[in-house]
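Asks: Have a look; sequence and predicted model below, questions after that.
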Amino acid sequence: LYKAVSDGLICQTEKNTYSENQNSQSNVEFRFLHDKIQQATYLLMSEKEQQETHLLIARKLLDYYLGEEFLMEILNHYNHVINLLDNQSEKEILSELNLRAGQRLLKISVFDSAINHANIGLNLLTSNLWKSTHDLTFELYMLKAEAEYLKANYDETDKIFELILTHCNAEDKGKVFYKKITFYSFQVKNNKAIEIMLEGIALTGFKIPSSNIGKVFMLLRLLLLIRFSLKGKDISQLADLPELSDKNKLLICNLMEGAVDSMVITGNKLLLGLSIAKMVYTGLKYGNNERVVFSYMFFSIILQNKFHDFKSAKAFANLAMTLAEHKYYNPVLLVKVYTMSGVFSHRYNSLKTCMEFLKNAYDIAIHSGNPIFAVYDVTNILPYLFISGVNLKDCLKEYKKYSTFLKSINSLFQLKGMEVCFFYPFSILSESNDINMDCFDKFDFKEKDISQLQIALLNHTKLKMFYLIQEHEKAIQICDKVYKSVSYNL
């Protein structure tokens with residue numbers, strides 16, 4: 001390379017000096033002096049030489065692979081010369097690299113490129129790919145399904161899921177069902193999400209009765225089993241339980257936890273209570289995991305609201321907090337636990353403590369990319385400030401700290417999502433110089449634009465705000481609307 005260096009075609013990227021007589025094997029890096037030189041060199045080569053050079057560079061980079069930062073560079077060379085590959089082992093390695101690249105692109109919302117890498121990865125595998133490379137094939141199709149879903153190609157997503165389910169094993173079917181529940185929940189197809197949950201759980205041999213009376217008996221049995229399991233035990237000691245490892249029990253907990261939001265939204269309180277009780281009892285008997293921790297937190301709410309057992313409710317909430325903070329440091333779990341603690345633990349915690357929980361949840365939600373939970377956290381902080389004795393003017397000053405975030409969400413969701421019902425009225429108030437009734441005229445939606453649940457949530461938010469400005473008669477009228485618009489106690 002010395003002649004190329006002396007001719008000014010390439011130069012070193014390292015500070016050390018290179019000479020013609022240098023025999024050292026130490027790594028010395030070079031680059032073209034200008035992109036145009038590299039381009040001209042490339043164009044002087046024949047098509048065959050270009051492909052052979054791409055393949056040589058790809059293999060060299062793979063041999064000396066130093067980390068994820070070189071992944072796309074390797075693929076840029078390899079994907080030019082797929083037709084030259086005749087070794088199936090090398091093709092499978094390249095397929096796995098395309099999977100990793102696609103997963104990386106999915107995280108930064110480059111969906112078309114993620115799908116392209118998934119397709120390249122699948123085309124590199126043999127015709128009996130489900131038998132010879134089952135795990136890799138499964139991950140590639142799941143990547144493709146998720147990317148198609150995020151592009152709102154829901155029919156294509158369903159087709160891919162059906163294809164996967166005809167080939168994958170029982171454990172992987174559970175993963176597909178969990179994704180389907182999540183996707184249907186986001187599409188506000190909550191009854192479908194619940195249907196998928198029940199179908200997935202049936203794979204384990206555990207069947208939930210179809211009749212309400214059957215569900216009631218199963219729920220009572222689970223509550224009795226929980227009571228007997230806790231007899232003579234300190235709830236805080238449950239933090240030392242082993243890790244849940246039974247695959248069927250894991251699947252049941254995953255699917256039930258995934259469908260919790262859908263059960264709440266549809267008002268399916270009986271199935272919700274049964275699911276929470278099942279997860280709690282699973283934890284007590286077989287060990288903890290993240291889903292079980294979530295159920296501990298939810299169970300604390302049931303204990304305080306339905307059974308008025310505040311002592312046990314606080315113990316289960318503290319248990320969930322301990323496990324979420326110290327054993328399962330997962331941002332999504334932490335946000336849920338902090339949010340639920342902030343909203344529901346005011347019966348045994350001070351409002352100051354509840355606000356700290358909500359602020360912690362907000363911070364984690366923002367940093368982990370969970371805007372909907374962040375919105376919900378913010379819209380509960382203002383009423384708590386007011387109820388704790390801060391005057392409304394000062395509450396709004398505090399609230400303005402969040403106005404930039406609220407504006408960005410307003411733009412992102414275009415006032416169509418359910419979350420707008422939580423934050424929109426507060427956003428208007430935070431920008432109003434005069435606290436009066438006129439500001440409420442700005443957010444009266446037409447019923448055809450949003451669902452009955454959204455209307456109920458909007459009215460619920462109005463109720464809060466009428467209370468804050470001491471318009472109690474209006475608050476009572478709104479309260480009547482809330483009860484009439486949904487089939488359960490919001």
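Replies: Received, thanks.
Asks: just the CA coordinates of stretch 332-344, formatted as CSV?
Replies: Only the C-alpha atoms of stretch 332-344 are listed here, as CSV (Å, rounded to 0.1, in the frame of the first residue of the first chain):
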residue,chain,number,x,y,z
VAL,A,332,-42.3,-1.1,31.9
LEU,A,333,-42.9,-2.9,35.1
LEU,A,334,-41.6,-0.1,37.2
VAL,A,335,-43.9,2.4,35.5
LYS,A,336,-46.9,0.3,36.1
VAL,A,337,-46.1,-0.3,39.8
TYR,A,338,-45.3,3.3,40.5
THR,A,339,-48.4,4.5,38.6
MET,A,340,-50.7,2.1,40.4
SER,A,341,-49.1,3.0,43.7
GLY,A,342,-49.5,6.7,43.0
VAL,A,343,-53.2,6.5,42.0
PHE,A,344,-54.5,3.9,44.4
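Asks: mind listing what's buried in it?
Replies: Across stretch 332-344, burial judged by 16 or more other CB atoms under 10 Å covers Leu333, Leu334, Val335, Lys336, Val337, Tyr338, Thr339, Met340, Ser341, Gly342, Val343, Phe344. The way it works is simple: take the backbone N, C-alpha and C, and place the C-beta from them, glycine included.
Asks: Provide a list of residues in contact with Leu129.
Replies: Contact analysis of Leu129 by CB atoms under 8 Å, 6 or more residues apart in numbering lists Leu122, Leu136, Thr137.
Asks: can we see that at 6 Å?
Replies: By CB atoms under 6 Å, 6 or more residues apart in numbering, Leu129 lies in contact with Thr137.
Asks: any idea how far it is from Lys400?
Replies: For Leu129, the distance to Lys400 (CB to CB, to the nearest Å) stands at 56 Å.
Asks: coming back round to it: just the buried residues of stretch 332-344 now: which is nearest Pro383?
Replies: Val343 (10.4 Å; CB to CB).
Asks: So what's the residue count around the residue lying closest to the closest one once chain neighbours are set aside?
Replies: Closest residue in space to Val343, ignoring its immediate chain neighbours: Asn380 at 5.8 Å, by CB to CB, 6 or more residues apart in numbering. Using other CB atoms under 10 Å, the number of residues around Asn380 comes to 22.
Asks: State the helix or strand in which Asn380 lies.
Replies: Element membership for Asn380, per DSSP states H and E: helix 371-387.
Asks: after that helix comes which helix or strand?
Replies: With elements assigned by DSSP H and E, the helix or strand that comes after helix 371-387 is helix 392-399.
Asks: State the phi and psi torsions of the closest residue to Asn289 other than its chain neighbours.
Replies: Spatial nearest neighbour of Asn289, chain neighbours left out: Leu244 (4.3 Å); criterion: CB to CB, 6+ apart. The phi/psi pair for Leu244 (degrees, to the nearest 10) reads phi -60, psi 130.
Asks: List the contacts of Leu244.
Replies: Going by CB under 6 Å, 6+ apart, Leu244 touches Tyr286, Gly287, Asn289.
Asks: list the buried ones in stretch 158-176?
Replies: Neighbour counts using 16+ other CB under 10 Å place Ile160, Phe161, Ile164, Cys168, Asp172, Lys173, Gly174, Lys175, Val176 of stretch 158-176 among the buried residues.
Asks: of all those residues, which two lie farthest apart?
Replies: Farthest apart among these - using CB to CB - are Ile160 and Gly174, which lie 16.8 Å from each other.
Asks: could I get the buried residues of stretch 158-176 as a markdown table with secondary structure and pLDDT?
Replies: Below are the buried residues of stretch 158-176 laid out as a markdown table (DSSP: H, G, I helix; E, B strand; the rest coil; pLDDT from 0 to 100):
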| residue | secondary structure | pLDDT |
| --- | --- | --- |
| Ile160 | helix | 93 |
| Phe161 | helix | 92 |
| Ile164 | helix | 93 |
| Cys168 | coil | 86 |
| Asp172 | helix | 88 |
| Lys173 | helix | 89 |
| Gly174 | helix | 87 |
| Lys175 | helix | 90 |
| Val176 | helix | 92 |
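Asks: Which one of those residues is nearest to Gln88?
Replies: Cys168 (21.8 Å).
Asks: Next, work out how far apart the closest one and Ser127 are.
Replies: Look at Cys168 and Ser127: by CB to CB, they are 17 Å apart.
Asks: in the protein, which spans are strands?
Replies: Secondary structure of the chain (DSSP state E): strands at 10-12, 30-32.
Asks: so which of these gets nearest Phe310?
Replies: Smallest distance to Phe310 across these (CB to CB): 68.0 Å, for strand 30-32.
Asks: Now do the closest one: which elements does it pack against?
Replies: Here strand 30-32 touches strand 10-12, going by 3 or more CB pairs under 6 Å, 6 or more residues apart in numbering; DSSP states H and E.
Asks: Quick check: mean pLDDT of the strand it packs on?
Replies: Across strand 10-12, the average pLDDT comes to 73.
Asks: returning to that earlier point: format the buried residues of stretch 158-176 as a markdown table; extra columns: distance to Lys352.
Replies: Shown next, in a markdown table, are the buried residues of stretch 158-176 (distance: CB to CB, whole Å):
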| residue | distance to Lys352 |
| --- | --- |
| Ile160 | 49 |
| Phe161 | 47 |
| Ile164 | 49 |
| Cys168 | 50 |
| Asp172 | 47 |
| Lys173 | 47 |
| Gly174 | 42 |
| Lys175 | 42 |
| Val176 | 44 |
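Asks: what sits up against stretch 192-206?
Replies: Phe177, Lys180, Ile181, Tyr184, Ser185, Asn248, Leu251, Ile252, Leu255, Ala259, Ser262.
Asks: Neighbours of the first one, how many?
Replies: Which is Phe177. Residues lying near Phe177 (other CB under 10 Å) number 24.
Asks: With the fourth one instead?
Replies: Using other CB under 10 Å, Tyr184 is surrounded by 22 other residues.
Asks: Tell me how far it lies from Tyr178.
Replies: In this view, Tyr184 and Tyr178 are 11 Å apart by CB to CB.
Asks: Can you pull the residues that touch both of the two?
Replies: The overlap between the contact sets of Tyr184 and Tyr178 (CB under 6 Å, 6+ apart) is empty.
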